[in-house]
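In: sequence first, then the predicted structure:
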Amino acid sequence: MTAYDDQNIFAKILRGEIPNVTVYEDDDTLCFMDIMPRTDGHCLVIPKTPCRNVLDASDAQLASVMATVKKVANAAKVAFEADGITLQQFNEAAGGQEVFHLHFHIHPRHEGVLMRPPGKMGDMDAIKAHADAIRAAL
């Protein structure tokens, strides 16, 4: 198993070296907005402790992350009057993982509306407004 790299972007966010738009935080997890959102309300949930992905996560890390995913996904569904939620989670490069710190993507979804393509920076004012909407629903 490859060692955890504490210089990954999410580790830097956790240390406060890179700003983020926080949606929710507890002792074990952080949820923040994706700056390249594929849907309105696209956010990420990560553990606060080092962990590359599901393959090396402890049961405790997975339990705390999934509790936050459930809480925020329900709030995002309400906030965006979404028909459903898509969760994405990738493991290792061959599995599509790009940032090697465990994370779950939460995407509020509407019937018949496709996700936007990846890799395009979002409008920060809109992203902040989307975070406000999710926080209000929490």
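Out: In hand now; what should we look at?
In: switch to C-alpha atoms for all contacts and neighbour counts from now on
Out: Fine.
In: in the chain, which residue is most central in space?
Out: The centroid of the chain falls nearest to Leu44 when counting by Cα atoms, centre = their mean (0.6 Å).
In: what's the spacing between that one and Asp83?
Out: Plainly put, Leu44 is 19 Å away from Asp83 if you go by Cα to Cα, to the nearest Å.
In: ok, Asp26 next?
Out: Distance, Asp26 to Asp83, by Cα to Cα: 27 Å.
In: tell me how far the strand or helix carrying Val65 is from the chain's mean position?
Out: Under the criterion of DSSP states H and E, Val65 resides in helix 59-79. Helix 59-79 sits 10 Å away from the centroid of its parent chain (Cα atoms, centre = their mean, to the nearest Å).
In: could you export that helix as CSV, CA atoms only?
Out: Output of helix 59-79 as CSV, limited to C-alpha atoms (Å, rounded to 0.1, in the frame of the first residue of the first chain):
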residue,chain,number,x,y,z
ASP,A,59,-13.8,1.3,10.2
ALA,A,60,-14.0,4.4,12.5
GLN,A,61,-13.0,6.7,9.6
LEU,A,62,-15.6,5.2,7.3
ALA,A,63,-18.3,5.3,9.9
SER,A,64,-17.7,9.0,10.7
VAL,A,65,-17.4,10.0,7.1
MET,A,66,-20.6,8.1,6.1
ALA,A,67,-22.5,9.7,8.9
THR,A,68,-21.5,13.1,7.6
VAL,A,69,-22.3,12.1,4.0
LYS,A,70,-25.8,11.1,5.0
LYS,A,71,-26.4,14.3,7.0
VAL,A,72,-25.1,16.6,4.2
ALA,A,73,-26.7,14.7,1.4
ASN,A,74,-30.1,14.9,3.0
ALA,A,75,-29.6,18.7,3.6
ALA,A,76,-28.4,19.2,0.0
LYS,A,77,-31.5,17.3,-1.3
VAL,A,78,-33.7,19.7,0.6
ALA,A,79,-31.7,22.8,-0.2
